[in-house]
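**Q** Following is a predicted model, sequence given first.
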Amino acid sequence: MKRSVVRKRLYVSSLAVALLIQMAAAVPNFYTFNSPRNKTDELFVIGGILPIHKTSNGSCGHIDGASVQYVEAVSYVIQRINSQQASVNLSEVKLSFEIYDSCGTISIALQQTLRLLTPKNGNGVSAVIGEKVSSVTISVANLLQLFHVPLISIASTTPSLSDKTQYGYFARTCPSDSYQTRALADIVNHFNWSYVVAINSGDIYGQAGIKGFQYNFQNVTLNRCVAGDSIEIPYPRAAASDYDAAVSKLAAPYVSNATVIVLFAQPATVEGLLDAVQRRRERDHTFAAKQFLWVGSAAWTTSLDPKRYEIARNVIGVIPEAVNTTGFDEYFQRLHISNHTDNPWFAEYWEDYFKCSLNGTNPALPICNVSNQRISRTNGYVSNVNVPNCIDAVYAIAHAVRQIQQSVCNGSGLCNATRSSETNDVSAVDGNLLFPNILKVNFTSESGNDFSFDSNGDPTNTIFTVQYVHNGQINTLGKWDNSKFPSLQLNYESIFWNETNPPPKSLCSEPCAYGQFQEAIQGQSGCCWNCKNCRGINYYSDRKVCMYCAEGLETNLNMDGCVPIHATYYSASNAWAIASIVIAGVGFAIEGTSIAIFVIHFNNRIIRAASRELTAVLLIGIFFCYLVPFIYIIKPSLIICGVRRFAVGFGFSSCFSPVLVRTVRIHRIFNREASATSLRYVNPLSQVTFAAVLISIQVVISSVWLGMEPPTVRQEFDAHSALIECGENPYVGLSVTLVYNAILLLITLYFAFRTRKVPDNFNEAKFINLTTYSLLIIWIAFIPIYYGTLSLGPTFQSSSLIMGTVLSASVILGCLVVPKMYIIIRTEFTKNQERGTSNVTGKSAFKMDDASIRKETSIGINPLKHTSVDRAMQQESHLCHAGTQTYN
């Protein structure tokens, strides 16, 4: 009860304000239509607040032909419904309307709204259609909301009007700017215009619209920027200096890089801005050469005059999709000034349409020849894009009334349950009942499209037509439909851009090349940058930031990504590998020749004296040492890595063990005390057994190494290469192998040193000494080099190990094997030349000198004894002596 009293007092106060306004200024006309009805018919009044006249300095100006069409659209639909020609049938209810002119200004709109709310002839207004300008609509909606009167707008698109907490009785048949801003952002993003200028009029329409565009442009899509800040032009009263200031910002540094201007503004603002652009072009030739492309909102893109289209040159905009209005078009074209006097603004519209004067009050215009004048498409008639919205608004109200009849009033009339207590006239339908039913309507419009509202009072289906205007010529470019994905669908055949004439660019900075990164420019948006090369190697970029290639990858040739590094391994292309292979190859050739001689002359006394069995073991060891370079140039695998470990140790031990056993044998023979006891373990079987034991120790070492550290294959990476190598710890397993073989070498060196004073004619000891000393020099150099190159990488490490192995084998081959083979060849050659004296030569060659005999005697060996040991020692001395004589 208390709430109703407050509202009534407010209503009375509002009426008082309205009366004061009416006394202070002349009030524009209004249009009332009452359809003939039966006595039993209820009357449902629809109000209208429309800008019949354009705004001029805050007051009413020139007639707006589009709004006259809106008025006639309301009249057209109501007449169809009342005459039961429409799809909705209101039983025992007739519709009527009261339409007032707001002139597009808030003050006049509020005044007219108060007049509209005043009951006339016992009939109050139940719903209102209007307004066109969003700022005016907001004021009217706030006022009507006080009395719970629904308002349906046909052209106000500000997104904030969808907020039902603020505008609880507002709905609209036009799409919200939230869709329009999405459509504009989709267009700009489609052409990849990443840097644009944003301009708006200083009213709620322009402010909310440009804010929505920026959100959809920048937040939904990355790397999009508005040049500087959005430029706002005062509205409705803007001076020429305001427009000139806005245009000056277009020429500012970096902002001038943008060629696309998004303009969300009222038509008056757009006209003033384009005039300022033309003024700037006339005095600034640089600016005049710049081509802008304007992306505009529905408020102005198709409403400019030809002169301003010429200034703009290129315009892309969206307008609500044109629908079929054939019925209304036929109705409107039948209207004539001679028979349509109910509409108080129609005469003014007639004069404006035909550019004539009906009563001669305007001497600048000719007298209208009304008898020959008809409105038709041939003389310029086009229905306004918002006419369908106006028609849908009336139908929505009618369908809501029908729903109320069926749910509340038993299917006919308007019963008392529908009446409002919020106004002085209880004949109005309660807005709390009417508005929810408006939101529930679902019908097929005259255009054939399904129409309904969502919970916010916005139409559920929103389709925009995308238009391209080039030098005043309008072309349909495509559609934007919120119910489809993707929403934007363009037809390039309707635009002059193509492969040879691409769309204009609108960006602050050109994209960087691959291999470069974007360095932000201080004080500018994120779309402005300088391009800098990525520093360092193995860096690539996505043209924005530099990124490092992960291990095992390197930058590709385009520097836009990484590719696997081509893996290499220690191969024959390596210089050290080539050198070791050449040496090994020569060694194999010499060893092969030696083996051939060894086999052919297997029973030769020289070979028997040198211990055939130990020599065979020695040749096997040399073979393995020479095999090492070839094993190392094979691509590493688990098997190859295992063979590498075995071959090196086995080769060394197979070379050193026979030499050690041979040296110890000589030492025992020439450095023992005189005794009659025969030497033990000097026969070939014993010698081979000792060598086999020493070699077996190395085999055990290698086997334990392989068991404790199984072979693995790994890759070592640097900036541009990858090396496949065997994964092993060089400080553990190989070190044990090298230490063991170094011990064998040192023991051999010791006994070789002890046998250095054997008789001069005993050459075997001399060659062993030469061999051990040479090996010592090699190993003194080899070991530090091997461990010193570990930090240089596996290539140097492998090279030093291979070279040490090959040189060791070459020394043994050259100092111990080759001389014996040479003696055999020389002996055979001499025998072939002196066949007649071969027996004498043989005796001379193998005759022991007296010193040797005395030596053998002094150490207790009787050359005349024929035990097996004695025969071996005699053979040792005789063959060595023979070798000396042969050399001589």
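**A** Received it, and whenever you're ready, just let me know what you need.

**Q** which stretches of the stretch 751-888 of the chain form helices?
**A** 763-788, 794-812, 818-833, 838-845, 850-858, 868-887 (DSSP state H, counting those that start in this stretch).

**Q** And those, which one averages the lowest pLDDT?
**A** For the helices of the stretch 751-888 of the chain, the weakest mean pLDDT is recorded on helix 850-858, namely a mean of 36.

**Q** for the chain, which residue is closest to the average position?
**A** D542 (7.7 Å; C-alpha atoms, centre = their mean).

**Q** how about the closest residue in space to that one that isn't next to it in sequence, secondary structure?
**A** Closest residue in space to D542, ignoring its immediate chain neighbours: D560 at 7.1 Å, by C-beta to C-beta, 6 or more residues apart in numbering. (C-beta placed from N, C-alpha, C; glycine too.) At D560 the chain is in coil, as set by DSSP: H, G, I helix; E, B strand; the rest coil.

**Q** T568 falls within a strand, correct?
**A** Yes. Assessed with three-state DSSP, T568 lies in a strand.

**Q** what about it, neighbour count?
**A** By the criterion of other C-beta atoms under 10 Å, T568 has 15 neighbours.

**Q** Just give me the neighbour total for D229.
**A** Using other C-beta under 10 Å as the criterion, the residues surrounding D229 number 10.

**Q** Assign it to helix, strand or coil.
**A** Going by three-state DSSP: D229 is coil.

**Q** cool, C527 as well?
**A** coil.

**Q** Likewise for the one 5 residues further on?
**A** Going by three-state DSSP, the secondary structure assigned to K532 is strand.

**Q** Please report the distance of it from C225.
**A** 20 Å (C-beta to C-beta, to the nearest Å).

**Q** same check, this time on M708
**A** With C-beta to C-beta as the criterion, M708 and C225 are 64 Å apart.

**Q** now do D352
**A** 44 Å.

**Q** Looking at those two, which one has more neighbours?
**A** Using other C-beta under 10 Å, the more surrounded residue of D352 and C225 is C225, with 19 against 16.

**Q** Return the backbone torsion pair for that one.
**A** With angles defined as degrees, to the nearest 10, C225 shows backbone torsions of phi -140, psi 150.

**Q** Quick one: residues contacting it.
**A** 194-196, 218, 508, 525-528 (C-beta atoms under 8 Å, 6 or more residues apart in numbering).

**Q** ditto for S447
**A** 323-325, 388.

**Q** Which secondary structure element of this protein has the lowest mean pLDDT?
**A** helix 850-858 (a mean of 36; mean pLDDT, DSSP states H and E).

**Q** Identify the farthest-apart pair in the contacts of S447.
**A** N324 and P388 (8.4 Å; C-beta to C-beta).

**Q** so what sits against both of those two?
**A** With C-beta under 8 Å, 6+ apart, N324 and P388 have common neighbours 446-447.

**Q** More neighbours: which of these two?
**A** Counted by other C-beta under 10 Å, N324 and P388 do not tie: P388 has more neighbours, with 26 against 13.

**Q** Excluding chain neighbours, what is closest to that one?
**A** Of all residues not flanking P388 in the chain, V323 sits nearest, at 4.7 Å (C-beta to C-beta, 6+ apart).

**Q** Got the phi and psi for that neighbour?
**A** Dihedral angles (degrees, to the nearest 10) for V323: phi -120, psi 170.

**Q** low-scoring stretches of this structure, by residue?
**A** Applying pLDDT under 70 to the chain picks out residues 1-30, 33-40, 420-427, 493-500, 609-610, 671-678, 719, 730, 758-763, 834-888.

**Q** for it, which helix is longest?
**A** Ranked by residue count, the top helix of the chain under DSSP state H comes out as helix 638-670.

**Q** Pull out the buried positions in it.
**A** Neighbour counts over helix 638-670 (16 or more other C-beta atoms under 10 Å) mark 640-667, 669-670 as buried.

**Q** Also stretch 336-352?
**A** 337, 343-352.

**Q** Okay, and which of those map to helices?
**A** Among the buried residues of stretch 336-352, the members falling in helices (DSSP H) are 346-352.

**Q** Now render those as CSV, adding distance to S178.
**A** Putting those into CSV (distance: C-beta to C-beta, whole Å) gives the following:
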residue, distance to S178
F346, 36
A347, 40
E348, 36
Y349, 33
W350, 38
E351, 39
D352, 34
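
**Q** Of the residues you listed, which is the nearest to N832?
**A** D352 (137.2 Å).

**Q** What separation do you get for L660 and R754?
**A** From L660 to R754 the distance is 13 Å (C-beta to C-beta).

**Q** now D163
**A** 110 Å.

**Q** Same check on T302?
**A** Looking at T302 against R754, where the rule is C-beta to C-beta, the gap reads 116 Å.

**Q** From start to finish, how long is stretch 534-546 in a straight line?
**A** Start-to-end span of stretch 534-546 (C-alpha to C-alpha, to the nearest Å) is 6 Å.

**Q** got the buried residues for that stretch?
**A** 534, 538-541, 546.

**Q** Identify, from these, the entry nearest to N832.
**A** Closest to N832, out of all of the buried residues of stretch 534-546 and judged by C-beta to C-beta, is N538, at 69.6 Å.

**Q** circling back to that earlier point, will you turn the contacts of C225 into a markdown table that also has distance to P267?
**A** Shown next, in a markdown table, are the contacts of C225 (distance: C-beta to C-beta, whole Å):
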| residue | distance to P267 |
| --- | --- |
| S194 | 28 |
| Y195 | 27 |
| V196 | 21 |
| Q218 | 26 |
| C508 | 30 |
| S525 | 30 |
| G526 | 33 |
| C527 | 30 |
| C528 | 33 |
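
**Q** Let me have those in a markdown table, extended by distance to S134 and neighbour count.
**A** Formatted as a markdown table, the contacts of C225 follow (distance: C-beta to C-beta, whole Å; neighbours: other C-beta atoms under 10 Å):
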| residue | distance to S134 | neighbour count |
| --- | --- | --- |
| S194 | 29 | 23 |
| Y195 | 28 | 24 |
| V196 | 23 | 24 |
| Q218 | 23 | 17 |
| C508 | 32 | 20 |
| S525 | 29 | 19 |
| G526 | 31 | 16 |
| C527 | 30 | 24 |
| C528 | 34 | 21 |
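
**Q** Go through these and name the one nearest A183.
**A** Using C-beta to C-beta, those come closest to A183 at V196, 15.0 Å.

**Q** and the closest one, what are its bridge partners?
**A** Taking DSSP bridges, one obtains V226 as the residues bridged to V196.
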